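Colleague: Based on what follows, work out the 3D shape:
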Amino acid sequence: MATRKTTTAKKSTTAKKTTKTAAKATTSKAKTTAAKPKAAAIKATPAPAPAPTPTVVASATPVVAGPTVRKKELIDRVVLESGMKKKDVKPVVEAMLAVLGRSLSQGEEMIAHPLGKLKVNREKNLPNGKMMIVKVRQNAETVATNDPLAEAAE
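Modeller: Numbers count the residues shown, from 1 in each chain. Here you go, the predicted model:
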């Protein structure tokens, strides 16, 4: 048993010597690396970068919410536009709105030519339902023909 104690003592003294030499090497490396950046900073002074040229960004025009179109009013407008009877138009409009709502809630993109391209941008589940932010993109022809400001200017 005495042999084991001396062996353990020898190992611990060897470990202490190794740790001391590792610590000396680390401090000498730190001194060497600390001296290098000073010399590099003196040699290379970078030229200041030229200032970027400012660009004017066209801001989006704010959209003022107009009057709300309810389903009844939508059906009346479709009747006027198509010349069909109200009793024939109502089930078609209701079915179309149901399909549109179901497709958007499933995250599908829709391309309906006069209306444009509809895509769900974000959605949030609420306690009483779901809120979806829908992005509608229309081509220039559709916007020009349906723009009330353009009609007022003429």
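Colleague: Quick check: Leu118 is in a strand.
Modeller: Yes - assessed by DSSP: H, G, I helix; E, B strand; the rest coil, Leu118 belongs to a strand.
Colleague: do you know how far it is from Pro46?
Modeller: If you measure Leu118 against Pro46 using Cβ to Cβ, to the nearest Å, the figure is 51 Å. Bear in mind the C-beta positions are built from the backbone N, C-alpha and C, glycine included.
Colleague: Please identify which of these two sits among more neighbours.
Modeller: Using other Cβ atoms under 10 Å, the more surrounded residue of Leu118 and Pro46 is Leu118, with 17 against 5.
Colleague: For that one, give me its contacts.
Modeller: Leu100, Leu104, Glu109, Met110, Ile111, Ala112, Val134, Lys135, Val136 (Cβ atoms under 8 Å, 6 or more residues apart in numbering).
Colleague: Out of these, grab the one that's most surrounded.
Modeller: Leu104 leads the contacts of Leu118 on contacts (other Cβ under 10 Å) with 18 neighbours.
Colleague: I figured that residue was touching Ile133, is that so?
Modeller: No - counting by Cβ atoms under 8 Å, Leu104 does not reach Ile133; the two are 10.6 Å apart.
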